[in-house]
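**Q** have a look at this prediction, sequence included:
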Amino acid sequence: MRGEGLCAAAGYSEPADAQLLSNPVSQIRTATVCIDVAGKEPAMPDEIIMPKLSDTMVEGTLLKWFKREGDYVQQGETLFEVETDKAVLEVESSVDGVLTQILVQAGERAPVGAVIAVIGGELQKVVPQKEPLPEEAQKGGQAKKPPELIKEPPQLKVVPHTRGAAEIASARDIHASPAAKSYALSRGIDLARIAGTGGGGMITLKDVRDFQPHPPPTGGAPTPPRRQEAVATPGAASLSTMRKAVAATVSHSKKTIPHFYLSYDIDMSAALTALARLNQSKIDAEKISVNDALIRAAAATLKQYPYLNALYPEQGLFLKPEVNMGIVIGLPDGLIIPVLRRADSLTLEDISRGVKQLREKAEAGKFSSDDLTDGTFTISNLGMLGVSDFAAIIYPPQTAILAVSAVKDTAVVKDGSLAVAKMMRVTISVDHRVVDGITAAHFLRDLKQYLEAGDFEAAEKPCCTVEDD
């Protein structure tokens with residue numbers, strides 16, 4: 001045993017080749033630890049990193065820590081709250097242990113993958129003494145400098161902040177919205193100088209954006225001339241964080257994905273009759289909507305068209321066995337696409353409940369990390385607003401999106417005679433690098449047959465294998 005290092009002082013042997021070990025949990029990275037002399041590995045300290053909570057997230061603003069340094073954290077406990085470009089999310093701890101170090105404070109931003117805290121193991125209890133022990137001081141002897149734990153610098157650095165800790169602490173005490181605090185901190189604006197117009201005097205994001213700092217009072221030595229910023233044009237406005245994220249996503253999609261579009265008109269008369277029958281004994285909060293039926297029909301049909309349920313990022317094409325249905329939900333500042341997981345295995349009632357829960361989370365602005373990632377296909381429905389026809393932009397890295405218009409009474413020809421039918425137009429936008437027109441046309445044909453049959457409880461056709469498509 002070596003008597004010099006901290007491992008030896010704690011009764012452990014030094015690892016011969018210290019290297020970083022990976023933990024399968026996305027927001028945990030395991031650090032190098034000492035190995036017990038008897039061959040037993042002690043509890044390892046874990047680095048908590050900024051998780052990727054949505055498909056478009058590149059950084060997050062840490063809004064709140066639910067634990068302080070020195071607190072014990074249990075697996076599954078809510079550890080911190082993050083604001084992304086989509087929503088405010090609470091993140092749970094994936095490990096047990098003592099929160100030994102917080103590296104990113106509330107109000108600060110960090111990129112995805114950056115280390116934001118450390119949860120220590122048993123090794124953290126061995127703390128070197130910084131002062132001589134009392135018995136050594138009495139003997140007048142020179143105390144031996146205790147060994148110190150040498151830490152490797154994190155490979156992913158936290159985005160540095162330009163303001164001091166005292167300023168950040170005072171900003172956290174001011175009654176302001178998370179978005180307002182984040183905007184002010186990133187631009188060095190003192191929230192204490194802003195009058196809030198929100199409820200209870202809360203400072204809103206608009207208050208911070210509209211704030212114009214006053215020049216310092218005259219007197220004393222003349223102040224050197226400062227470069228003046230351009231005066232905002234009357235009526236001009238800046239994009240919100242969410243709107244900027246939407247703009248970046250759709251711009252990237254249109255620039256990099258060769259879209260093509262196909263439309264089908266579907267007679268929804270039988271489907272509406274079936275839904276009316278299913279909803280007879282349900283209260284309003286439990287009723288199944290046309291959108292719920294569309295999700296079930298699309299999920300069942302996609303099982304036969306795996307290339308429309310695929311992901312095509314830069315790394316290559318991934319065919320997904322399950323249908324994770326993205327649902328476009330409009331918000332005042334933009335739109336969000338939460339994911340209904342494994343929609344192909346859910347009943348119509350399960351789909352209806354799941355969609356309602358996602359809408360409630362969207363209104364509250366709080367999702368779990370699983371709600372915004374891993375979508376494989378998306379439905380955008382504007383039928384409730386009376387839209388007759390539109391095409392949507394593919395949400396990368398997905399390969400297709402379905403746009404759904406309103407159900408309208410339409411004159412049609414049936415058996416040589418004019419009749420009125422409940423018609424709905426759907427338009428699919430497809431990545432031409434992955435799918436050709438004939439495959440997309442077959443998908444729409446099968447979707448039409450499924451909906452026009454109006455039998456949502458019927459067993460689905462067996463899914464082909466990937467190679468069959």
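**A** Nice, I can see it.
**Q** and the helices in this protein?
**A** Secondary structure of the chain (DSSP state H): helices at 6-9, 134-139, 165-173, 178-187, 205-210, 241-256, 269-278, 290-302, 348-364, 437-453.
**Q** any idea which of these is most buried?
**A** Neighbour counts (mean count of other Cβ atoms under 10 Å) averaged over each of the helices of the chain peak at helix 290-302, with a mean of 24. For every residue, glycine as well, the C-beta is placed using N, CA and C.
**Q** list the contacts of it.
**A** 268, 271-272, 274-275, 308-309, 323, 325, 327, 340, 343-344, 346, 348, 351-352, 355, 377, 379, 381, 383, 402, 404, 407, 424, 443, 446-447, 450-451, 456, 460-461 (Cβ atoms under 8 Å, 6 or more residues apart in numbering).
**Q** how about stretch 367-378?
**A** By Cβ under 8 Å, 6+ apart, stretch 367-378 touches 51-55, 84, 86-87, 89-91, 298, 302, 308-311, 320, 322-328, 336-339, 341, 358, 361, 392, 395, 398, 400-402.
**Q** number of nearby residues for D415?
**A** Around D415 there are 5 other residues, counting by other Cβ atoms under 10 Å.
**Q** now swap in the one 4 residues further on and tell me
**A** A419 has 11 neighbours, counted by other Cβ under 10 Å.
**Q** residues in contact with it?
**A** 411-413.
**Q** quickly list what it is bridged to.
**A** V412 (DSSP bridges).
**Q** how close does the nearest residue to E349 once chain neighbours are set aside get to F456?
**A** Residue nearest to E349 in three dimensions, not counting chain neighbours: I288, with 7.1 Å by Cβ to Cβ, 6 or more residues apart in numbering. To F456, I288 is 9 Å away according to Cβ to Cβ, to the nearest Å.
**Q** need the residues touching each of those two.
**A** Joint contacts of I288 and F456 (Cβ under 8 Å, 6+ apart) are 278, 348.
**Q** picking that back up, tell me the one of the contacts of A419 nearest V104?
**A** V412 (60.3 Å; Cβ to Cβ).
**Q** so the closest one versus L418, what's the distance?
**A** Using Cβ to Cβ, we find V412 at a distance of 7 Å from L418.
**Q** who's more crowded, those two?
**A** V412 (15 against 8).
**Q** that one contacts D267, doesn't it?
**A** Yes. Counting by Cβ atoms under 8 Å, V412 touches D267, with 7.4 Å between them.
**Q** mind listing the shared neighbours of these two?
**A** With Cβ under 8 Å, 6+ apart as the test, V412 and D267 both reach 421, 423.
**Q** quick revisit: can I get the contacts of A419 in a markdown table with distance to T439 and pLDDT?
**A** A markdown table is the format used below for the contacts of A419 (distance: Cβ to Cβ, whole Å; pLDDT from 0 to 100):
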| residue | distance to T439 | pLDDT |
| --- | --- | --- |
| A411 | 32 | 91 |
| V412 | 27 | 90 |
| V413 | 29 | 89 |
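**Q** distance to A180 added to those, as JSON lines?
**A** Shown next, in JSON lines, are those (distance: Cβ to Cβ, whole Å):
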{"residue": "A411", "distance to A180": "53"}
{"residue": "V412", "distance to A180": "54"}
{"residue": "V413", "distance to A180": "59"}
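**Q** just those now: which is nearest I119?
**A** Closest to I119, out of all of the contacts of A419 and judged by Cβ to Cβ, is V412, at 64.0 Å.
**Q** give the contact list for that closest one.
**A** So V412 contacts 267, 418-421, 423 (Cβ under 8 Å, 6+ apart).
**Q** repeat for L346
**A** 296, 299, 340, 354.
**Q** nearest to Y261 among the residues you listed?
**A** Among these, and counting by Cβ to Cβ, the member closest to Y261 is A299, at 21.3 Å.
**Q** what pLDDT does the model give the closest one?
**A** We have a pLDDT of 96 for A299.
**Q** now do it against F456, distance only.
**A** 11 Å.
**Q** cool, P234 as well?
**A** Distance from P234 to F456, by Cβ to Cβ: 54 Å.
**Q** neighbour count winner among these two?
**A** Neighbour count, other Cβ under 10 Å: between P234 and F456, F456 has more, with 20 against 5.
**Q** quick check: closest non-adjacent residue to that one.
**A** L348 (5.1 Å).
**Q** next one, pLDDT for that neighbour please.
**A** pLDDT, read off for L348, is 93.
**Q** dump the residue contacts of it.
**A** Per Cβ under 8 Å, 6+ apart, neighbours of L348: 278, 288, 292-293, 296, 456-457.
**Q** now do the contacts for the closest residue to A270 other than its chain neighbours.
**A** Excluding the flanking residues, the one nearest A270 by Cβ to Cβ, 6+ apart is G454, at 3.1 Å. Listed by Cβ under 8 Å, 6+ apart, the contact partners of G454 are 269-271, 273-274.
**Q** kindly reformat the residues you listed as JSON lines containing distance to A192 and pLDDT.
**A** Converted to JSON lines, those look like this (distance: Cβ to Cβ, whole Å; pLDDT from 0 to 100):
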{"residue": "S269", "distance to A192": "63", "pLDDT": "94"}
{"residue": "A270", "distance to A192": "63", "pLDDT": "94"}
{"residue": "A271", "distance to A192": "58", "pLDDT": "95"}
{"residue": "T273", "distance to A192": "62", "pLDDT": "94"}
{"residue": "A274", "distance to A192": "60", "pLDDT": "93"}
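**Q** can you list those residues in TSV and add distance to K254?
**A** As requested, these are exported to TSV (distance: Cβ to Cβ, whole Å):
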residue	distance to K254
S269	36
A270	37
A271	33
T273	39
A274	38
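**Q** burial measure for L311, as a count.
**A** 20.
**Q** what sits against it?
**A** So L311 contacts 317-318, 320, 376, 397-399 (Cβ under 8 Å, 6+ apart).
**Q** of those residues, buried ones?
**A** 320, 376, 397-399 (16 or more other Cβ atoms under 10 Å).
**Q** which of these sits closest to Q101?
**A** P397 (35.2 Å).
**Q** phi, psi for the closest residue to that closest one other than its chain neighbours please.
**A** In space, and not counting its chain neighbours, P397 is closest to P313: 4.0 Å by Cβ to Cβ, 6+ apart. For P313, the backbone dihedrals are phi -80, psi -170 (criterion: degrees, to the nearest 10).
**Q** could you check how far P313 is from I257?
**A** Counting by Cβ to Cβ - P313 and I257 are separated by 11 Å.
**Q** of those two, give the one with the bigger neighbour count.
**A** Neighbour tally, P313 and I257, criterion other Cβ under 10 Å: the higher count belongs to I257, 21 against 11.
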